[in-house]
Structures are given as C-alpha cells and as structure tokens.
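Undergrad: this one's sequence-less:
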C-alpha cells in the first residue's frame, strides 16, 4: 500500500500518550537468589509512580508483587543523594528496603501476604541505601545519610543496622560521601568508596579497605588501596579467589582491576572502553567475577559500537569474548550458581537489557558452565518481564543511526539520529522533517540507544530526533568527559547547536524547524542554547536549571559543589555564574520556550522555572509553565507524563504552525503571548491525534 503524502502535524500515529503510560513500566535493580527466584523493582506510572518490589518464583514461574498494594503507604525508594538506587536487598527468605514516605528501613518475609515491619526508629532522621547483609553479626551494612542536624549539611557514613534492635552504629566516617560497602566471603574485611567536596563520584574518589574484628568493629589502619587525585574508582567486589576487584580510570578509561597480593593494582584488560558508568545511583553492578576467579562477566561500552555489550574476560590470557545476546544495552548484572565459586559449575545471569527495537526487559540466561556461557546465543536468553508489552508494527519504529559530527576547535562529538518513521505517511516533495534535539541530563551521563516509546511518539508523527552525546558525556573516556570541566554552558551548547546545523546543512532536516528539549541538566542546556545562541525555533525545558548561581546556593548536598568543576568555585566566580545563567540573558531569547516542572523538586527548585517563565512572559514571547503537583525531579505520575509529552508537541504546533492537539482530560494548558490565529483548536476541545 502506497504511503500518503502529508505534512508535519497530519501524520496519524498509533502511539498515543495514553498508550505510553499504560504500556510502559520502569524496571530496575534486578537480583536473583540461589533458588533462582528473581526480583526487580517496577516503577508504575499508573500507581502515581510508585516503586514496587516484584518476584518471579522459580518453582511455578508465577510473577507477584512482594510490596503490598497501592492503597498501602509502601513505595520502595530511598532519598539518599535524592537520586536513590540501592533501595532494597533480598536475602534468603527476607527483603529489606527503604520506604519513600518515611525513609525508614523495613523488613518483610517473602511469604505471600507478609506485611513489612519497621526496623529503624520512627523518629529517625537517617536515610539508608546500598544495603549488604553481614550475617555473622546479624546486621545490615549500608550508606547512611543523617539529616538530624537542622540547618546543616547531612552527614554521610558507612553504618551498621542491628537486625534485632534496629539500632544504628557508624562504621566509617570522615568523608563527605560514601558508597559501595562490600564484605569479603568470611566477613573479616570491608571495602568501600569515599570522596569529598567538590568532587562527584566520577571525579576523584578513593577505595578503602579495613579489617573487621570478631565484634564487628573496624580495626587497625584503614588503608586506601586505589583511587585518589584524577582517578575515579567504583564498584569494588571481593572475588571468589579472595582478591579485591574494582573499576578505575587511571588510564583514562573505566577498566577492570584486580588488587594483587602485593597491594598493587593490575588491569585485567586495558582497552579504550568503559566498564563502568557515572554512579548517579547506588547499587551499580556491571561485572561479576566467576569461575573461581579465572574470568569476569562484564558489561562494557565500546565507543566504536552503539550502546553496551556483554562479554567475558579470561583473566589469565587477557582475552575478551563478546557474547551474542541480541541486546545492545544492559544495566545491573545479578549472577548466582556454582560457576561463580568454581571453574566447572552452572551460572544463572539476570539483568535488564534492551535494544533499539526491543523494549528493556528483565531477562535471564541459565547455562551449565562457563564454556556454555561463551557460546550462548540470543535464543538462550529468556524474557521474564518486559517494560512494555505493546505489540507495535516495526514499520512504525525508528532505529538510531550513530553519527560523529564536527564541532568547535577541530573536535568531533556524537549523536544518535532517529529519522521520522511511519509506514502510512511520507512528506510531500520538498518538505523536510522538523528536528527535535534531545539533551540528556547529568550533565555527566549519556544518550541511551535502548528502545524509547517516547521517542517513537515523535518520529511516528514526522519529527526527526538527534540525541546528542555532547562533550562531557560518558562512554568515551575521561578526556571526553572532562571537556565540560569549567565549560558547562559552552561546550554542551556548542555541540548541540552544531549537531542541529550539521543535520540541516546535510539536508536531513528543516533548518527552519529546529527544536530542542531536555530535562534537569538537559533543561539547562536547552535554556542556554535559547539564550546564548540563535539556532533553534522553539525549545522545552523540563525541570531545567535557569539560574546556576541559585543552584549553587540552593540544592541538595550531593550536587552542592558539582558546579565548582563544571563552571568554577562559588562565590569566587560569581560573575561567571551570572554570565552562564540563562535567566540573566532571557532578553536575548528570540524563540518560544515551554517549561515543565514538579512542585516538590528538591534538586532544581520550582522557583527557577517560575522565574524563567515570568521573564519570558514579560518579554512577550510565547511560553507556558506547567507545574505538576506532587512531582519531584522527573515525572512519575501517568497524568504528568502524558501532559508533558502532549503539551510539548502541542506547544511546538502552535508556535511553528502545524496541527497539534492536547487532551482535555489532562491538566489545563495555557500558552501565554500566543497571537490569536484563525483555525486554532481550543484547548478544552482538543483530542489526541
């Protein structure tokens, strides 16, 4: 059947905002027990964004919620560092977790219908994350963030929670931040990572080891065994051989290391690839030492290939075997089986994986031994739970093309380009697609290539998307990551503008319909591109930073000194902060901007969005501020997700002159300073296209 020729705004798509929130879950934190029961966290927009612990039983294969139903007050989520992660731990017979509402630690038996019981005190001001079980001393060891001192920064430590009494004892203190506590097999040594202001966990961090005495106290001299100046270490792990492994970037790339018996680190396989990612969340676990310490199963990203891969490193031969999985993106690994401890035993691997055409899913691989793992095939991986059970015709799916493009000072940057894709429509001769430049958050992060139904919402309606890995992004080594040092608001802005120009000059997109969008740090870059350059026709900032000076003075502890390295020390560089703040250059903005914000955001306070909106409104530019009640940093509720998605498309339609509608069951949307134009659809009568 021949495609219809239709302009932007006239392509009918089967991918609606309602379909996205009803068919998409957020999957995280997979784990597996020795009995092969698999657990993971589901974030459910249909339950007000609640996070639920879920189990797939190995004996009958049934999937059931461990967390009580939505009418309960249970939401498995921690607020340590505000971003969380490492919110739960599943052991044989029990689950321990942080509850979002009160931040208490709860214990729950894994029997059907079991109710969680509080472990820590009701009046505690402490938050916890990154749990491990110390069975020898009947306690949990975790990262503790203590908010008991009003008006002061919270104090972080490695702490022990007594499982009998709930009492809390500090084990390791003396640094601003801690993460990744791990005990060796017999519980006599504890390792952890620490760092101090102004560093973030991908800057200068230290790996420590201490002996643990019979009473559970740290004893002797605490030794720094890795990391330090200009080195980032993460994910320490005691191998079955008793050695300490970790990821470090001493060579400029996050590679795997083993601490030898003489205390010297040895790289397992030096290569220009990343075996780690920026630890925004607790609980990262991208590798597992297996086969008694002779091999490592690891997730890694090679800049020459999009996404990430799964491979096995032979420690003796230093050979890497890429596994044929059928997936191109992996998150946390969970591995159990006799093959972990010995060279000849079974292995069960559980992870969350996806690809450009497959939605992320909890998947499992079971093999009898390491040899079978090395020759495993895509058909050996079994899907336990998918983040989307949508049965979508592949002819509506746009797959990314990896593009390296020229930018400032003779350098290059990277983007994933998604062309418009709809089996029923094409543009009339001479018409090119509009472009939406997507900017990832962080800014120390990267653009994912895993299937994104939200992106398909746009591409199936005639938009092209450029998902930019600007200088400062991860996955390309420390030197590329450090391009943003002192240059936030410069390098990212140049790279995003140059990505749009590159596609326009190649004739891939309409240079008169260049749009830009991003959330959090991506929202800052959006506003900076609009304020400091004249490239884009419209933009949308989702919980974005408008005033970096205000952010430096008013944000949570974890990121309170982040800008020291991205811009400069504050207040010494006060003038530079003001120069880099889009709010102070709002008069330079010439194009319409939409703003979407949660009213409970602790990371980017809503006052920033309100101030930017007022400045744009007073200038007379078309603008809107959508303030979502009960939302924080990132939208989790179904109605907010729908409103932000439809609202952005609708906004572009009204300011760029193509047909677009907005559902009347959503939060009302008003576009300020929009000139009345014949043919506009009233908001209250709008319907999903």
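TA: The structure has been received and is ready for your questions. These numbers were taken from a predicted model, which means no experiment stands behind them. Numbering: from 1, shown residues only.
Undergrad: Mind giving me the packing neighbours of the longest helix seen in the chain?
TA: Criterion DSSP state H: the longest helix present in the chain is helix 638-656. Applying 3 or more Cβ pairs under 8 Å, 6 or more residues apart in numbering; DSSP states H and E, one finds that helix 638-656 makes contact with helix 17-23, helix 453-459, strand 514-519, strand 538-542, strand 593-598, strand 623-628. All C-beta spots, glycine's among them, are computed from the backbone N, C-alpha and C.
Undergrad: could I get these as a markdown table with distance to residue 121, mean pLDDT and mean neighbour count?
TA: A markdown table is the format used below for those (distance: least, Cβ to Cβ, whole Å; pLDDT from 0 to 100; neighbours: other Cβ atoms under 10 Å):
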| stretch | distance to residue 121 | mean pLDDT | mean neighbour count |
| --- | --- | --- | --- |
| helix 17-23 | 37 | 88 | 18 |
| helix 453-459 | 41 | 96 | 22 |
| strand 514-519 | 36 | 98 | 27 |
| strand 538-542 | 37 | 98 | 28 |
| strand 593-598 | 29 | 97 | 27 |
| strand 623-628 | 33 | 97 | 22 |
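Undergrad: could these go into CSV alongside distance to residue 381?
TA: Listed next are the helices and strands packed on helix 638-656 as CSV, based on distance: least, Cβ to Cβ, whole Å:
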stretch, distance to residue 381
helix 17-23, 22
helix 453-459, 21
strand 514-519, 31
strand 538-542, 34
strand 593-598, 36
strand 623-628, 37
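Undergrad: right, and these - which one's nearest residue 385?
TA: helix 17-23 (13.1 Å; Cβ to Cβ).
Undergrad: residues in contact with the closest one?
TA: 45-46, 388-390, 453-454, 457, 638, 641-642, 645-646, 663, 688 (Cβ atoms under 8 Å, 6 or more residues apart in numbering).
Undergrad: cutoff 6 Å now
TA: The contact list for helix 17-23, computed with Cβ atoms under 6 Å, 6 or more residues apart in numbering, reads 45, 388, 390, 453, 638, 641, 642, 645, 646.
Undergrad: Equivalent analysis for stretch 192-206, please.
TA: Counting by Cβ under 6 Å, 6+ apart, 158, 175-181, 207-208, 224, 227, 229, 232-233, 278-279, 444, 561-562, 564-565 sit against stretch 192-206.
Undergrad: just the helices in the protein please.
TA: Under DSSP H, the chain gives helices at 17-23, 338-341, 370-374, 453-459, 478-481, 491-505, 521-532, 548-553, 562-566, 574-580, 606-619, 638-656.
Undergrad: Now do the longest helix of the chain against strand 514-519, angle only.
TA: 160 degrees (axes from the mean of the first three to the mean of the last three Cα atoms, to 10 degrees).
Undergrad: quick revisit: mind checking which of the contacts of stretch 192-206 land in strands?
TA: 158, 177, 178, 179, 180, 181, 207, 208, 224, 227, 233 (DSSP state E).
Undergrad: Identify, from these, the entry nearest to residue 555.
TA: Using Cβ to Cβ, the ones in strands among the contacts of stretch 192-206 come closest to residue 555 at residue 177, 14.8 Å.
Undergrad: so that closest one bridges to which residues?
TA: residue 195 (DSSP bridges).
Undergrad: hmm, back to that, among the helices of the chain, which comes closest to residue 101?
TA: helix 638-656 (18.9 Å).
Undergrad: That's all I had, so thanks and see you.
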